[in-house]
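Novice: pasting a predicted model and its sequence here:
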Amino acid sequence: MEREIILTSDGALPDDLVVETLLRLPVKSLLRFRSVCRSWYGLVKNSNFIYKHLKKDDNIRAMIRCTYYDDTDEYDELKSYFSLVPDKTLRDLSFENLDPKIPGIRIGPYDGIFCLFNNPRRITLWNVTTNEFRVLPKCRAHLPCYTTVHYSNFGFGLDPIADDYKLVIILTLWHEKRREFYDFSHVTVYTFSTNSWRDLKGFEMRHDYMYDRIDNVYLNGFCYWLVLRTDYHKAILSFDMNGEMFEEIQGPNIPEREDIFESSLIPWTLGIYEDSLGLLYSDKYAHSFDLWMMKGGSWIKYLTFGPFIETYQPIGYWRKGEFFLQSNNKRLILYNSEIKEMRDLGITGLWFSVHILKESLIPIKGEDVLVDLFDIPWNILGITDSILS
Amino acid sequence: MAIMYALKSSDNEIFEVEQKVIEQSETIKKMIEDGAATGEIPLQVSSKTLAKVLEWCKQRQHKTVENENDDNKGKRKKERDEDDDIKEWENKFSDELKADKDVLFDLLLASNYLDLPALLSFLCQLVADMVAGKMPEEIRRMFNIENDFTPEEEKAITAEHGWAFQP
């Protein structure tokens, strides 16, 4: 028989230690432990707790999208899968294939939330860990006469001042009569708390960007997209989630080739590195990489790694000092720049993208009626103010 | 010659400890700085628990000293070997604690009282790993918590995320 734990006179851990312990649990355990008692239920639903849990340092997992060549299938040779690797250390690479769960186009995840575009004309938000969905109302953008949507780009993230998630869509328009791009892009914003869309007005959004990816990088209240201008210079477009303004940011001062078009083909890999905007750059014909970081409004070259004998393509960011690369023989590599170690992850593919998933308790469904039924003992959080602040 | 301090447990056992080892505890460090620590330092911690606390602190201190003595050459390789050693030590430390949850919880309280953030964090993670797969009823028993839901309420909450109750 299991022995009872008698610790203090009432045999329980103090509330602050309970909170500290629960913060370290996976989402699945926390959803189960909501039914332990009312105070735990209230805690797991508390927005401070949810935020603190989300921001825990080791709350990252890799999601790998791999497109590969399947020569056993004569009709459909190019195949792809989208997988979640549960092992945080990436030693055990057995994964869960998420394709059956989320077919079609998806962007994200941001704070554990994906935007799915599998339903025609409807967007669904999906918290991958809690498996909760929210189908958004139809987006009815009021477009200028004779224009149609040529392509769309997306940004999703938190407005930290309003404490509200927003989805921003930039629509690049085509003018049917003039047979050319319309002068301005159209921007529409979905707000999570009001569950509604509205068009953004009051500024002229350049129409002539080519976006590197359909989705964004989000950091501290701003969405960032890597764009190519018509003059073949690269730049970064930022969107302030609170002020709802766009701004074009210059990239780092990287020497360009004489042929500016050729320069534009060299990939920049935008991402988050140690809570700053990072830009990984490798000259196409060189074998080394520079990591630039945006610090206090300007770019600094933060670290350089290589040169390697072989060439590698940058794929993405992992933990401190670690980067995903693709080798010449199409293998996914995890490179640790601190100990200078290349680790072959044993996956072969033509194209890879790696996304970082943070397990998140953020509720996606509409307001839960159960919350109102309970008298939540907020004192449990009052005691832990120092932990949660 | 290292400065030694005498710590007195709640059951009056004396532990002679080097200043550097015990200064990891912010609580004791403050007591020393305030001059309150002349002679024996009385602590609200049992001798059994205090022995464990000191075991942790000595291991930590050992690591810090070695790193200070290193030159940079070959440091990385050495650090990795050391990390393996520490991992092994921590695993053994964890296994002992897992076997006796009373000691584990007492140690958790002591690390909080003595203000040892690294130990506190380590222990919280250990408890989290131990309970992650448990069911609510086991949790209530372990943490001595009373179920204050009505059966209807509990059923409704369970149904909300039924998948979380699957193994």
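Specialist: On my side now, so go ahead.

Novice: can you give me the strands for the stretch 251-389 of chain A?
Specialist: Assigned by DSSP state E, counting those that start in this stretch, the stretch 251-389 of chain A shows strands spanning A:268-273, A:276-282, A:289-295, A:298-305, A:312-317, A:322-327, A:331-336, A:341-348, A:351-357.

Novice: redo these as CSV? Include mean neighbour count, distance to A:N253 and mean pLDDT.
Specialist: For the C-beta atoms, the positions are set from N, CA and C on the backbone; glycine is no exception. Shown next, in CSV, are the strands of the stretch 251-389 of chain A (neighbours: other C-beta atoms under 10 Å in any protein chain shown; distance: least, C-beta to C-beta, whole Å; pLDDT from 0 to 100):
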stretch, mean neighbour count, distance to A:N253, mean pLDDT
strand A:268-273, 20, 13, 92
strand A:276-282, 21, 11, 93
strand A:289-295, 19, 9, 94
strand A:298-305, 14, 7, 94
strand A:312-317, 20, 19, 91
strand A:322-327, 22, 22, 94
strand A:331-336, 19, 25, 96
strand A:341-348, 14, 29, 93
strand A:351-357, 18, 27, 93
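
Novice: columns distance to chain B on top of these, output as JSON lines?
Specialist: Converted to JSON lines, these look like this (distance: least, C-beta to the nearest C-beta, whole Å):
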{"stretch": "strand A:268-273", "distance to chain B": "21"}
{"stretch": "strand A:276-282", "distance to chain B": "22"}
{"stretch": "strand A:289-295", "distance to chain B": "19"}
{"stretch": "strand A:298-305", "distance to chain B": "14"}
{"stretch": "strand A:312-317", "distance to chain B": "21"}
{"stretch": "strand A:322-327", "distance to chain B": "15"}
{"stretch": "strand A:331-336", "distance to chain B": "10"}
{"stretch": "strand A:341-348", "distance to chain B": "10"}
{"stretch": "strand A:351-357", "distance to chain B": "17"}
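
Novice: now tabulate those strands in CSV and tack on distance to B:E96.
Specialist: Converted to CSV, the strands of the stretch 251-389 of chain A look like this (distance: least, C-beta to C-beta, whole Å):
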stretch, distance to B:E96
strand A:268-273, 39
strand A:276-282, 41
strand A:289-295, 42
strand A:298-305, 41
strand A:312-317, 38
strand A:322-327, 33
strand A:331-336, 32
strand A:341-348, 33
strand A:351-357, 34
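
Novice: check contacts around A:L277.
Specialist: Counting by C-beta atoms under 8 Å, 6 or more residues apart in numbering or on different chains, A:L277 touches A:V217, A:L219, A:Y224, A:I236, A:L270, A:M293, A:M294.

Novice: list the contacts of the first one.
Specialist: With contacts defined as C-beta under 8 Å, 6+ apart, A:V217 is in contact with A:C223, A:Y224, A:W225, A:L270, A:G271, A:I272, A:L277.

Novice: and if you look at the third one?
Specialist: The contact partners of A:Y224, taken as C-beta under 8 Å, 6+ apart, are A:N216, A:V217, A:Y218, A:I236, A:L237, A:S238, A:F239, A:I249, A:L270, A:L277.

Novice: ok, of those, which come out buried?
Specialist: A:N216, A:V217, A:Y218, A:I236, A:L237, A:S238, A:F239, A:L270, A:L277 (16 or more other C-beta atoms under 10 Å in any protein chain shown).

Novice: dihedrals phi and psi, the spatially closest residue to the second one that is not a sequence neighbour?
Specialist: The one in question is A:V217. When the adjacent residues along the chain are set aside, A:V217 lies closest to A:Y224, with 4.6 Å between them (C-beta to C-beta, 6 or more residues apart in numbering or on different chains). Per-residue torsions, A:Y224: phi -130, psi 140 (degrees, to the nearest 10).

Novice: quick one, strands of chain B?
Specialist: B:4-8, B:14-18, B:40-42 (DSSP state E).

Novice: can you name the two of the contacts of A:Y224 that are farthest apart?
Specialist: Longest distance between any two of those is 14.7 Å, between A:Y218 and A:I249; criterion C-beta to C-beta.

Novice: quick one: low-confidence ranges for chain A?
Specialist: By pLDDT under 70, the low-scoring segments of chain A are A:1-12, A:103, A:118-121, A:202-207, A:284-286, A:366-389.

Novice: same thing but at 50, please
Specialist: A:1-10, A:367-389 (pLDDT under 50).

Novice: and what of chain B?
Specialist: Within chain B, the stretches with pLDDT under 50 are B:73.

Novice: what residue lies at the spatial centre of it?
Specialist: B:L119 (3.7 Å; C-alpha atoms, centre = their mean).

Novice: any idea how far that residue is from B:N112?
Specialist: Distance check for B:L119 against B:N112: by C-beta to C-beta, to the nearest Å, it reads 9 Å.

Novice: again, but for A:P160
Specialist: Following C-beta to C-beta, the distance that separates A:P160 from B:N112 is 31 Å.
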